[in-house]
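Undergrad: got a structure for you, letters missing:
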């Protein structure tokens, strides 16, 4: 799987940039919402394995290769730099990574009210004997627990 990624990055580098990719491209499962990452110190590229099945994964590779080639050429490689924006547009790279649903949403299943009517939704339960309302110091009661 790593070898296939390395081959894909090398071939896109030659075809889109006319420059060889001579460093390492690896999968990084710790990436959550980003498509990839370019490392300035050792010039290797990390890619999110959740993005590999996206139809525009080649555009994500081109985005990271823009950082790579511009940095090695000593030109503006950051997102805000004009060199980066121009090269990204020229090769057809993606500006942003597609959403693959990796952002975790917190389900607030505990619903509380205080003696003065303030409502609170919580992901974790509260000890109603120990804690009070943060607005008015009123007594908390559990209204509903979603399952």
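TA: Thanks, I have it. Source: prediction; values computed, not measured.
Undergrad: I'd like to know how far the residue minimising distance to the centre of the chain sits from residue 98.
TA: Nearest to the mean C-alpha position of the chain, by C-alpha atoms, centre = their mean, lies residue 33 at 2.0 Å. Distance, residue 33 to residue 98, by C-beta to C-beta, to the nearest Å: 10 Å. Bear in mind the C-beta positions are built from the backbone N, C-alpha and C, glycine included.
Undergrad: what do you get for residue 41?
TA: Counting by C-beta to C-beta, the gap from residue 41 to residue 98 is 28 Å.
Undergrad: Now for residue 33 and residue 98: what residues contact both?
TA: Counting by C-beta atoms under 8 Å, 6 or more residues apart in numbering, residue 33 and residue 98 have no common neighbour.
Undergrad: before we move on, back to that, counting neighbours, go ahead and name the busier of residue 41 and residue 98.
TA: Taking other C-beta atoms under 10 Å, residue 41 and residue 98 do not tie; residue 98 has more neighbours (15 against 5).
Undergrad: Please, where are all the helices along this structure?
TA: For the chain, the helices defined by DSSP state H cover 2-12, 57-73, 82-91.
Undergrad: Show me where the chain has its strands.
TA: Secondary structure of the chain (DSSP state E): strands located at 25-27, 36-38, 45-47, 110-114, 119-122, 140-145.
Undergrad: Tell me which of those sits nearest to residue 92.
TA: Residue 92 lies closest to strand 36-38 among those, at 15.7 Å (C-beta to C-beta).
Undergrad: roughly how far is stretch 129-139 from the heart of the chain?
TA: Per C-alpha atoms, centre = their mean, to the nearest Å, the displacement of stretch 129-139 from the mean C-alpha position of its chain is 37 Å.
Undergrad: Now do it: distance from first to last residue.
TA: 8 Å (C-alpha to C-alpha, to the nearest Å).
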